[in-house]
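> model the following, please.
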Amino acid sequence: MTRALARRTGREPAELTVLRGWLLGRKTAAAAAAGAEGRRATFAYLAERASAAGTPYVVSACTLRQALAGRLPTLRTTVAFARATGADEVTARQLWTAADRAVNPPRERPAPHVPGRFSTRAGLVRAMNRVRGSSPHTTLRAIAALAGPGLSASTLSRFLTGNQVPTTEQLTAFAAACQAGDEATAALLAGHRRVLNGPPPHSFYPCAYAEEAEARRQRDEAARPWLTETEPELDWYDQQLHDEEEADFQRLVDEAEAYLDELQDNERAQHTGAGAGTDGGLAARIRAAYGQ
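The predicted structure follows:
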């Protein structure tokens, strides 16, 4: 074991140290075999031997060097290293698997997130990100691989940043890849339908203008005694307030009358005069209530 490898022993898992030591031992054995043939077992020489087998063992000399000096190498690099040095590939896979589990232990999965009610695109984005956060696989690449060919990592990124709204099939595949469960999946799809359908239309009452004008008139009469016939003479300031209130009230009355006239014309056009008497009586009663 080299001095650099010994220094790393106290800061890295033992399984990783064992893997790196095994790789170094295989390189030493390969160097001895090459020396017997009058060659030097350089990393370039080992890369050439590994690449001779073709894909997926094509590897560079730099990659083989980093397998001994850097972080945990990939499984492909480890197998290529074993093949280049004539070592047992099954042993290489076993040692790498143990090192990978030690370096990247499986995280404890939180309870699956069940989204609450939402009806906006921003709410959908928040819900999808929270479902992803409680998934055993949180990387976009892993989720895309589990979701199938119709959902790539780049597409998932657009969904999770709000730049694109998923289809029902894509959202279902996303939930399945995140192992969201039936309840969370149902909540996601229900909110997704609300987002696609948009907000419900506002209800409208035809006589809303008239009722608002009448309510305003009653409030004014109760709050300002100068609106009655027995009101005293007002000074300049109170008279100005009185005129402004009268003008505001008259504007509401005019709007109500205009709307009722339009409603009456529409009814006449649709029913050829059948409902004209009813609308006309309604307009007359409203005008009478306003003292017109």
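> going by C-alpha atoms from here, please, whenever you check contacts or count neighbours.
Will do.
> buried sites along the helix or strand harbouring residue 156?
Residue 156 belongs to helix 153-160 when assigned by DSSP states H and E. Across helix 153-160, burial judged by 16 or more other CA atoms under 10 Å covers 153, 155, 156, 159, 160.
> helices or strands next to it in the packing?
Judged by 3 or more CA pairs under 8 Å, 6 or more residues apart in numbering; DSSP states H and E, the packing partners of helix 153-160 are helix 121-133, helix 140-147.
> quick one: low-confidence parts of the stretch 51-200 of the chain?
Residue ranges of the stretch 51-200 of the chain with pLDDT under 70: 53-57, 70, 106-110, 200.
> longest helix anywhere in this protein?
Scanning the chain for the longest helix, with DSSP state H as the assignment, gives helix 236-271.
> so how far is residue 105 from the most centrally placed residue in the chain?
The centroid of the chain falls nearest to residue 125 when counting by CA atoms, centre = their mean (2.3 Å). Using CA to CA, to the nearest Å, residue 125 is found at 29 Å from residue 105.
> do residue 161 as well
Residue 161 is 29 Å from residue 105, by CA to CA.
> neighbour count for those two, which is higher?
The neighbour comparison of residue 161 against residue 105 (other CA atoms under 10 Å) goes to residue 161, with 14 against 9.
> need the contact list for that one.
residue 125 (CA atoms under 8 Å, 6 or more residues apart in numbering).
> swap in 10 Å and give it another go.
122, 125, 126, 128, 129 (CA atoms under 10 Å, 6 or more residues apart in numbering).
> look up phi and psi at it.
Main-chain torsions, residue 161, degrees, to the nearest 10: phi -110, psi 0.
> where's it relative to residue 118, distance?
16 Å.
> one more: residue 192?
Residue 192 sits 8 Å away from residue 118, going by CA to CA.
> now the common contact residues for these two.
Each of residue 124 lies in contact with both residue 192 and residue 118 under the rule CA under 10 Å, 6+ apart.
> between the two, which has more neighbouring residues?
residue 192 (23 against 18).
> disregarding residues adjacent in the polypeptide, which is nearest to the more buried one?
residue 124 (6.8 Å; CA to CA, 6 or more residues apart in numbering).
> give me the number of residues near that neighbour?
Using other CA under 10 Å, residue 124 has 25 other residues around it.
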